[in-house]
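Colleague: mind looking at a prediction? Sequence and model below.
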Amino acid sequence: MNRRLLSLAEGVAENSTGYFQVSFLDIRRLPFYDGDKEVVDTPAEVVRAKKAVSECDGLAIATPEYNGAPSGVLQNALDWLSRPWGDSPLTGKPVVTLSASPGPEGGRTAQERLRGILMRCGAEPLGDPLAVPCADWLWDPQPTRFDSVLAGRVRTLLDSLASASRPLAGSA
């Protein structure tokens with residue numbers, strides 16, 4: 001559902017003023033974080049992920065909620081990306097968060113925890129998170145429902161990311 005929500009956000013971004021270039025980072029390919037492995041030889045997948053995050057001006061992160069927390073796969077990616085402390089591609093990176101859930105809260109608790117983790121990693125979570133409750137319709141491989149209210153909420157979220165990202169892009 002959350003991958004689909006990001007795809008819908010990509011559509012909103014492409015139909016906006018054109019200030020976004022969207023790319024996806026498949027964090028499922030990252031090995032389990034291992035501090036010993038990191039010291040000896042950081043896996044190539046991790047090096048590529050760090051480079052991708054380093055080169056972007058801002059991040060939009062979507063997470064499901066499992067037992068009131070972000071996914072373990074996302075936590076693993078953040079563990080890799082936040083290392084080493086002081087030299088993380090997350091440091092100072094503007095981030096917006098969103099989630100979709102079939103439940104009535106839309107993953108809001110996971111996002112609250114995620115935003116705390118992001119701040120601890122040195123990232124800069126922006127604005128209000130977007131939670132989409134009762135989002136079973138996102139399972140449909142050809143979703144027909146993406147109403148104007150949700151599109152407007154996604155656009156507002158992306159506008160805040162664009163505004164925070166522009167100074168970064170101009171200084172590089």
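Modeller: Perfect, I can see it now.

Colleague: isn't residue 73 right up against residue 29?
Modeller: No: counting by CB atoms under 8 Å, residue 73 stays clear of residue 29, with 10.0 Å between them. To be clear about C-beta, it is placed using only N, CA and C from the backbone, and glycine gets the same treatment.

Colleague: who has more neighbours out of the two?
Modeller: The neighbour count for residue 73 versus residue 29, taken as other CB atoms under 10 Å, is higher for residue 73 (16 against 13).

Colleague: direction included, what does whichever strand in the chain runs longest pair up with?
Modeller: The longest strand of the chain (DSSP state E) is strand 94-100. Each strand paired with strand 94-100, and its direction, by DSSP bridges: strand 59-62 (parallel), strand 124-125 (parallel), strand 130-132 (parallel).

Colleague: residues touching residue 117, list them.
Modeller: Contact analysis of residue 117 by CB atoms under 8 Å, 6 or more residues apart in numbering lists 70, 75, 78.

Colleague: looking at the protein, which helix is longest?
Modeller: If you go by DSSP state H, the chain has its longest helix at helix 148-171.

Colleague: quick one: average pLDDT of that one?
Modeller: For helix 148-171, mean pLDDT is 79.

Colleague: and that helix with strand 94-100, angle?
Modeller: For helix 148-171 against strand 94-100, the angle by axes from the mean of the first three to the mean of the last three CA atoms, to 10 degrees is 160 degrees.

Colleague: show me what the worst-scoring helix or strand of the chain on mean pLDDT is packed up against.
Modeller: Lowest mean confidence among the helices and strands of the chain (mean pLDDT, DSSP states H and E): helix 148-171, at a mean of 79. Here helix 148-171 touches helix 2-14, strand 59-62, strand 94-100, strand 130-132, going by 3 or more CB pairs under 8 Å, 6 or more residues apart in numbering; DSSP states H and E.

Colleague: so who does the residue nearest the centre of the chain touch?
Modeller: Central residue of the chain (CA atoms, centre = their mean): residue 61, 1.1 Å from the mean position. Residues near residue 61 by CB under 8 Å, 6+ apart: 74, 95, 96, 97, 98, 114, 118.

Colleague: so how far is residue 39 from it?
Modeller: Distance, residue 61 to residue 39, by CB to CB, to the nearest Å: 27 Å.

Colleague: just the endpoints, please. Distance across stretch 61-81?
Modeller: End-to-end span of stretch 61-81 (CA to CA, to the nearest Å): 13 Å.

Colleague: pLDDT score assigned to the residue located most distally from the centre of the chain?
Modeller: Here the chain reaches farthest from its C-alpha mean at residue 40, the gap being 28.4 Å by CA atoms, centre = their mean. Note on residue 40: pLDDT of 90.
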